[in-house]
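Engineer: Sharing a model that was predicted from the sequence below.
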Amino acid sequence: MQNIVLFGPPGAGKGTQSKMLIKERNLIHLSTGDLLRSEKEAGTELGLKAKVLMDQGKLVPDEVVIGMIRNKLESNKDANGFIFDGFPRTEKQAEALDQLLEELNTSISGMIALEAEDEELIKRLLERGKDSGRADDQNREVIENRLKVYQNETAVLKSYYQKQNKFTSINGLGSLDEVFNRLNAAIG
Ligand code: ADP
């Protein structure tokens, strides 16, 4: 299995690049943000609880997202591999992911971080907010909070994967195809 963690701050382009990658490599896209938004739209209890946190730009509890990923992995045991987008976001999530993959006799192949400056990210997210309908993309303070959460809680995962020799960083600026080419070169 080829299992890639697509990493980076909000607005770095993880979702867009994930969609391009799964097509080319026949992988399954697992985005915890998308999964949480589906729960929210379906009006489930989990979705309603998550909404409050998401709309403030705060993280949803680890157990919730780990449980969602566990379900998806268990129901796709025969996949070619997975692209993890927006997960893991904390060390606890990264450890849980390693363990879940071990149960499937596989592991993370690599983590690739898309890098971009905060000002560019804020601009992209506000632009996306115009038609995404996402409340968390429409308010500058919420966006800044998400960037802060990324710096404080998530960015440390770079060293988690670096220690395992699985970390690569690429420039997230440029056209979709330029970034996609860099990504493919990094994955090999
Ligand atoms: P972005 O990367 O643009 O912030 P996501 O769709 O990945 O968008 O995440 C949106 C929101 O969903 C986050 O701000 C957070 O509230 C919640 N969320 C998504 N993934 C996770 C996760 N792995 N752990 C905790 N919360 C998450």
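Structural biologist: Now that the structure is in, tell me what you want to look at. Keep in mind that this is a model prediction, so the values were computed, not measured. Numbering: from 1, shown residues only.

Engineer: Can you name the residue of the chain nearest to the ligand?
Structural biologist: At 1.7 Å from the ligand, Gly33 is the closest residue in the chain, using CB to the nearest ligand atom. C-beta coordinates here come from the backbone N, C-alpha and C atoms, glycine included.

Engineer: So what does that residue have for phi and psi?
Structural biologist: Backbone torsions of Gly33, given as degrees, to the nearest 10, read phi -60, psi -50.

Engineer: just the helices in the protein please.
Structural biologist: For the chain, applying DSSP state H gives helices covering 14-25, 32-42, 45-55, 62-74, 91-103, 118-132, 140-149, 157-162, 176-187.

Engineer: dump the residue contacts of the residue of the chain closest to the ligand.
Structural biologist: For Gly33, the contacting residues are Gly15, Asp85, Gly86, by CB atoms under 8 Å, 6 or more residues apart in numbering.

Engineer: from the residues you listed, which are also near the ligand?
Structural biologist: Contacts with the ligand within the contacts of Gly33, counted by CB under 6 Å from any ligand atom: Gly86.

Engineer: burial of Glu144, as a residue count?
Structural biologist: Neighbour count for Glu144, taken as other CB atoms under 10 Å: 15.

Engineer: where's the residue lying closest to it once chain neighbours are set aside relative to Gly188, distance?
Structural biologist: Nearest residue to Glu144, sequence neighbours excluded (CB to CB, 6 or more residues apart in numbering): Ile122, at 7.3 Å. Remark: distance between Ile122 and Gly188 (CB to CB, to the nearest Å) = 32 Å.

Engineer: Name the residue in these two with the higher neighbour count.
Structural biologist: Comparing Ile122 with Gly188 by other CB under 10 Å, the one with more neighbours is Ile122, at 17 against 8.

Engineer: residue contacts, that one?
Structural biologist: Residues near Ile122 by CB under 8 Å, 6+ apart: Gly11, Arg140, Ile143, Glu144, Leu147.

Engineer: Roughly how far does the residue nearest the centre of the chain sit from Asp78?
Structural biologist: The residue lying closest to the centre of the chain (CA atoms, centre = their mean) is Gly86, at 1.6 Å. According to CB to CB, Gly86 and Asp78 sit 24 Å apart.

Engineer: try Glu95
Structural biologist: The gap separating Glu95 from Asp78 is 25 Å, by CB to CB.

Engineer: The two - which one has more neighbours?
Structural biologist: Neighbours were counted for Glu95 and for Asp78 using other CB under 10 Å; Glu95 has more, 14 against 5.

Engineer: give the contact list for Leu30.
Structural biologist: With contact taken as CB under 8 Å, 6+ apart, Leu30 is in contact with Ile69, Lys72, Phe82, Ile83, Phe84, Asp85, Phe87.
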